[in-house]
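[1] after the sequence you'll find the predicted model.
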4 protein chains.
Amino acid sequence: MVLKVGVIGTGMIGQDHIRRLTQVLSGVEITAVTDIALDRAQSAAPAGAEVFETPEALIASDKVDAIVICSWGPAHEEQLLTAIAHGKPVFCEKPMVTSEEAALRVMKAEVAFGRRLVQVGFMRRFDADYRRLKAVIDSGTLGAPLLYKSCHRNASVPEGLYTSEMPLNDTLVHDADISRWLLSDEVVGVEVRLPRRSSKGGELRDPHIVLLHCASGAIVDVEISVNIGYGYDIRGEVSCEAGIAALPNRPATVISDAHGYRQALPADWRERFIEAYDQEFREWIVAAGEGTATGPSAWDGYAATLVADAALRAVESGVLEPVTMIEKPALYTDGISLGQALREENA
Amino acid sequence: MVLKVGVIGTGMIGQDHIRRLTQVLSGVEITAVTDIALDRAQSAAPAGAEVFETPEALIASDKVDAIVICSWGPAHEEQLLTAIAHGKPVFCEKPMVTSEEAALRVMKAEVAFGRRLVQVGFMRRFDADYRRLKAVIDSGTLGAPLLYKSCHRNASVPEGLYTSEMPLNDTLVHDADISRWLLSDEVVGVEVRLPRRSSKGGELRDPHIVLLHCASGAIVDVEISVNIGYGYDIRGEVSCEAGIAALPNRPATVISDAHGYRQALPADWRERFIEAYDQEFREWIVAAGEGTATGPSAWDGYAATLVADAALRAVESGVLEPVTMIEKPALYTDGISLGQALREENA
Amino acid sequence: MVLKVGVIGTGMIGQDHIRRLTQVLSGVEITAVTDIALDRAQSAAPAGAEVFETPEALIASDKVDAIVICSWGPAHEEQLLTAIAHGKPVFCEKPMVTSEEAALRVMKAEVAFGRRLVQVGFMRRFDADYRRLKAVIDSGTLGAPLLYKSCHRNASVPEGLYTSEMPLNDTLVHDADISRWLLSDEVVGVEVRLPRRSSKGGELRDPHIVLLHCASGAIVDVEISVNIGYGYDIRGEVSCEAGIAALPNRPATVISDAHGYRQALPADWRERFIEAYDQEFREWIVAAGEGTATGPSAWDGYAATLVADAALRAVESGVLEPVTMIEKPALYTDGISLGQALREENA
Amino acid sequence: MVLKVGVIGTGMIGQDHIRRLTQVLSGVEITAVTDIALDRAQSAAPAGAEVFETPEALIASDKVDAIVICSWGPAHEEQLLTAIAHGKPVFCEKPMVTSEEAALRVMKAEVAFGRRLVQVGFMRRFDADYRRLKAVIDSGTLGAPLLYKSCHRNASVPEGLYTSEMPLNDTLVHDADISRWLLSDEVVGVEVRLPRRSSKGGELRDPHIVLLHCASGAIVDVEISVNIGYGYDIRGEVSCEAGIAALPNRPATVISDAHGYRQALPADWRERFIEAYDQEFREWIVAAGEGTATGPSAWDGYAATLVADAALRAVESGVLEPVTMIEKPALYTDGISLGQALREENA
């Protein structure tokens, strides 16, 4: 059985997902495409795909089993609610939505529908290195996790276009999501500290130290540096009661030459996470084929929104900003498997 | 366009390739299956695939665009010649054939046909680590390669079932093929030295040191250890005139605990090379869709046969055993691209 | 010329320094020993050394060119002041003194004397790994340091005997001193955060995150874990504007076995810093032979006292506790070399 | 008690040992110096040392307890025999002697004297990395050693001055000695293979592969490259029946910059083995103070001579050249401790 997918938004990331779904992955076919710029949709549409004039028409079409949302963030809420109204599985790029209220509305609709339909694009959860790290933590052999150090270093950002909110709005959300997932925990407060400013970014606030206080008491200590120059360097190390576990270096030829023993780093997030993006969609295709979603949920999109908001407040206040979430709907409870959810729906 | 594939041989490796072609890769469909044990073919056949009674019938069928050979080695020659006779692309697992004469007959048929049809399953050439290593060598920044150390360590082999010829017949061929490819060189002589025997394998000859003398003068120094216990450990390091380049450790969580700082190793070749197998077929699907083959050719299968034969002679003689190849047919010359070959065919 | 040294205090650390000065290092002789327990002094005294009844008598003796203080912390102030009064160089173990006021009195006496006489036992500054790290930072090739991550992990501490003040009073001072030295900076404020408590230490506060805010704006982010079990693991990584520099793994045999690729860690601080202790005294012997001191000064002992005090306050307050130092006396200014100081004295 | 040492030969290595014995180590004093160029001896002599006109006079002098030989290789035999005749411990730089016959004469004299007096300067045995590696092998946890890979890479050698015999005469002897010691084995045969020649050294034979066949059956596979450019890179890895043990990277700051993650290498043997040289003399001082020697013996000097001779023959012959040693005198048997030897002498 082949999953028929409609893609909303054919900018850079949308085009990359179209390539992935047509050239890399099996069990999937792109049957529909739309974009606010219809000519862009036209040129991005693979052979055999229909170009729709509106997201609503695309979502409603019989040609579409499941939807991939790559549109502008502020448009996501309406498109998600429409997909849920049609009971169609939907993959939504980050940010899921752009306000706490919007996130609550999406969750309310999904809970009312009674089954997970929304998967949010936190691709790190599908990365083999992070999965092995989580397996070590979850095995319990190192005891409880107490402290997680996350390091997010970006080679460079375009001066002027990249603003001081972006490290918290666009970058921190990855560290926050992967921390919540690795530690099986929730963020209850956020502090931000600003070290000496790098001269590489002009007036840009960079680097940042962010402390995420978790419900268990564990603290996540995040370094965000966006103009580090030497490459795209993602690090993670968890201190547990009886030992430490950390992400490895990426595989790269070991060269011994006039610069010493050395290994190259990834140039950017595309190179670093290309397999994670593939795997993310591989698992989505299976779940969507079963009429549901897997991996990062609307709850996780909601949490990301709250953490980013709190971090921005914390820059202003200089103190710990609390993160207060609603009670977790049963639909998003880890303990409830997809099978159970489907059984409850059928009961 | 979807490539219709027939699979000959549904043992362990055949079943794994069926899984890969149906569940992992896109652009391909298994339409036909056969095996000397028809009931095994029946149970391995994916939905929609026809079970053929003979390899000849499968190869000849209109349902089959291209063939994957996973049968017993001695059966390969006839199946390859039949596929070439039908002008159909064919992926053939190792060993391509089991004698020098058979290899010459396969190449003769393919050269007469005028276009590459045969791809041999040396999957290491599709491994990202080896590809990066080759890119460093080929870039020339480290100067000419002088010495390549290849290390092939296997956790364990089944006592009794695994004989002393196997490290040379089944294992060395991988090191020989990847060395020829990395160094863009040919093997002209083989020496074997037998260090102190490991007590782990009873009477099994293990480990081996094999020296492959190359046409350029470069020497490949191979360690083969098949009962090393601790994991599947594949190493490669090339000494060039101005520096060294080596395969990296595999990515694995860095754990600090009572055993020190440590990283796990792959358990076996499946874990180590799973992505290489996927990539090998990904590229084969594209080439076969264009009516030809890519990567390791019948020439490479021929070379592997000669090296293994020379290595077995070298164990007996204790001296350098020469490897003498026929003149390389133009079809297998690196300088001739697929495009050129097709143009010549059409001219 | 051989330096005649008197040792005050012959407990564990005193005995270790006696061993070092008699068996490892050249150019030095222990001529005098004292301890509050005279029998312990008697048994610790090397051949030819006189046992003195009081520190004052030892310091005053013609047999003593220079003094090593290994007594109890509260006794240090008086012994330091006596040594300064006699114009004799003195090596003093940590803590230099136990209050800000005492530190000010020691500095006042030394400044009045007009030449450095006091060297404080921060041995990390003599460790080859830290020295290489500082050389990289000081070279300027990586740009200004913005963030330094220091990691101080201890295998285990004795339950009951080890109190919750000790990680800040005895451990943090090393991280603070090495950070000030590496970054050529001063600490102006201290914050402490307490992650989820490790169950290994009962009621012990462990681990700690300490943020040291520096005058330049750089932040030092310290992890202190004292019951990590797996070894003694000291890490340091500085994020600069154009790259990162970090302490390497300690050299240890790379073993590949059933636990993976692995390297052992030092068991404790003795193993980790044994060469640093030797080097510390090697350089002290040279400086003391010239009638002065080198390396960590009374100013550094003063800074350590202030940081530890601020950290203890920060645990209680939960907020940033300022560190306010007096203006730095010219005697302790980096820009003034020993040669200059001696010239000024003689002028 | 201070050991009074006379130094014969004050060239580069002699001056370095004089520096070491006067400035670094304790328990030793240089009381006598000589050289064929007396003015060089004069300027190299430390304060208080007498310059002797001949080695014989120096050895015979009451001012000299023990001798360090740093003269030209061909002069060693006579100086060693003179020292043995006077019953004085002697440290002798490599090569111990320059012919098999000379080695036999030195051993004969020492055996007749009845106690070890000669220590040969194979400093690698005192290197902490090699000692840890040997401890792992000797512990037996990895089973019997089967194969040892030794890698000896030198940054560059002076063209013209450095001849094609030197890699075997001056370099291989280190690999041979450390292999015999690590594996507790003897070399019984030598093969040499010459890979493609590096263009860096003109007509110089470089690199070499040398296979040392050991009495146990273990094989030592040595790479010698003397113009590798990028640094001084010494590697060693032993394959045992149940795992692998290898020398670690040298500690060097881990830098992440435009060249990747990287660590510098030592520039040359002085930097790499400086601590080993210090430790070598530290242990010699203790042994010589007891009237004997420790570490590499005349037997080891004899073995080195035989291996180098066999290697040079193997280059010419292209085949395995046997190494045949006399029966090992009891004086050099590992099982006999110094204590036993002294007891036998006294009996």
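    Looks like it came in fine.
[2] around chain D, pick out the residues from chain A.
    Residues of chain A found near chain D (CB under 8 Å from any CB of the partner chain) are A:229-231, A:233, A:249, A:252, A:255-265. Quick note: C-beta positions are derived from backbone N, CA and C, even for glycine.
[3] narrow these to those that are buried.
    Buried subset of the residues of chain A next to chain D (neighbour count, 16 or more other CB atoms under 10 Å in any protein chain shown): A:229-231, A:233, A:249, A:252, A:255-257, A:259-265.
[4] those residues: which two are farthest apart?
    Spatially, the most separated pair among these is A:Gly229 and A:Ser256, at 23.3 Å (CB to CB).
[5] around A:Glu100, how many other residues sit close by?
    By the criterion of other CB atoms under 10 Å in any protein chain shown, A:Glu100 has 15 neighbours.
[6] whoops, I mixed them up, A:Tyr148
    Neighbours of A:Tyr148 (other CB under 10 Å): 27.
[7] please apply the same query to A:Asp62.
    So A:Asp62, with other CB under 10 Å, has 7 neighbours.
[8] and the residue in the stretch 101-250 of chain A positioned nearest to chain D, how close does it get to D:Ile255?
    When scored by CB to the nearest CB, the stretch 101-250 of chain A has A:Tyr230 as its residue closest to chain D, at 4.7 Å. Taking CB to CB, to the nearest Å as the measure, A:Tyr230 falls 9 Å from D:Ile255.
[9] who touches both of those two?
    C:Gly243, C:Ile244 (CB atoms under 8 Å, 6 or more residues apart in numbering or on different chains).
[10] out of the buried ones among the residues of chain A next to chain D, which are inside strands?
    A:Asp233, A:Ile255, A:Ser256, A:Asp257, A:Gly260, A:Tyr261, A:Arg262, A:Gln263 (DSSP state E).
[11] got CSV for these, with pLDDT and distance to B:Gly291 too?
    Formatted as CSV, these follow (pLDDT from 0 to 100; distance: CB to CB, whole Å):
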residue, pLDDT, distance to B:Gly291
A:Asp233, 97, 44
A:Ile255, 96, 39
A:Ser256, 95, 44
A:Asp257, 95, 43
A:Gly260, 95, 48
A:Tyr261, 95, 46
A:Arg262, 96, 43
A:Gln263, 96, 40
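[12] which of the buried ones among the residues of chain A next to chain D come close to chain C?
    A:Gly229, A:Tyr230, A:Asp233.
[13] mind giving me the domain ranges of chain A?
    A:3-122+A:276-297+A:327-346, A:125-273 (automatic domain parsing).
[14] now do the shortest one: distance to the chain's middle.
    Going back to what we said before, that points to domain A:125-273. On the basis of CA atoms, centre = their mean, to the nearest Å, domain A:125-273 sits 14 Å off its chain's mean C-alpha point.
[15] again with the longest one
    Counting by CA atoms, centre = their mean, domain A:3-122+A:276-297+A:327-346 is centred 13 Å from the centre of its parent chain.
[16] any residue of that domain touching chain B?
    Yes. Interface with chain B: domain A:3-122+A:276-297+A:327-346 contributes A:Thr22, A:Gln23, A:Val24, A:Leu25, A:Ser26, A:Gly27, A:Val28 (CB under 8 Å from any CB).
[17] the nearest residue to A:Arg193 once chain neighbours are set aside: how many residues sit nearby?
    With CB to CB, 6 or more residues apart in numbering or on different chains as the criterion, A:Arg193 has its nearest non-adjacent residue at 4.3 Å, and that residue is A:Ile209. Neighbourhood size, A:Ile209 [other CB under 10 Å]: 18.
[18] name the SS class of A:Ile209, please.
    strand (DSSP: H, G, I helix; E, B strand; the rest coil).
[19] what about it, distance to B:Ala128?
    Distance, A:Ile209 to B:Ala128, by CB to CB: 34 Å.
[20] where does pLDDT dip in chain A?
    A:334-347 (pLDDT under 70).
[21] which parts of chain A are helices?
    Using DSSP state H, the helices of chain A run over residues A:12-19, A:38-44, A:55-60, A:76-85, A:100-113, A:128-139, A:166, A:172-183, A:269-289, A:298-317, A:338-346.
[22] buried residues, the fifth one. List them.
    Buried residues in helix A:100-113, counting neighbours by 16+ other CB under 10 Å, are found at A:Ala102, A:Ala103, A:Arg105, A:Val106, A:Met107, A:Ala109, A:Glu110, A:Val111, A:Phe113.
[23] which residues does it contact?
    A:76-77, A:80-81, A:84-85, A:87, A:96-97, A:116-118, A:298-299, A:301-302, A:305-306, A:309, A:326, A:329, A:331-332.
[24] so what's A:Arg235 bridging to?
    A:Cys151 (DSSP bridges).
[25] now do the same contact list for it.
    Per CB under 8 Å, 6+ apart, neighbours of A:Arg235: A:Lys149, A:Ser150, A:Cys151, A:Arg153, A:Ala246, A:Leu247.
[26] considering those residues, which possesses the most neighbours?
    Busiest of the contacts of A:Arg235 [other CB under 10 Å] is A:Ser150, holding 24 neighbours.
[27] is that one in contact with A:Val222, as I believe?
    Yes. A:Ser150 lies in contact with A:Val222 (CB atoms under 8 Å); the separation is 4.6 Å.
[28] look up how far chain B lies from the residue nearest to A:Glu78 when sequence neighbours are not counted.
    Nearest non-adjacent residue to A:Glu78, counting by CB to CB, 6+ apart: A:Pro55, 7.7 Å away. Shown here: A:Pro55 relative to chain B, a distance of 26 Å by CB to the nearest CB, to the nearest Å.
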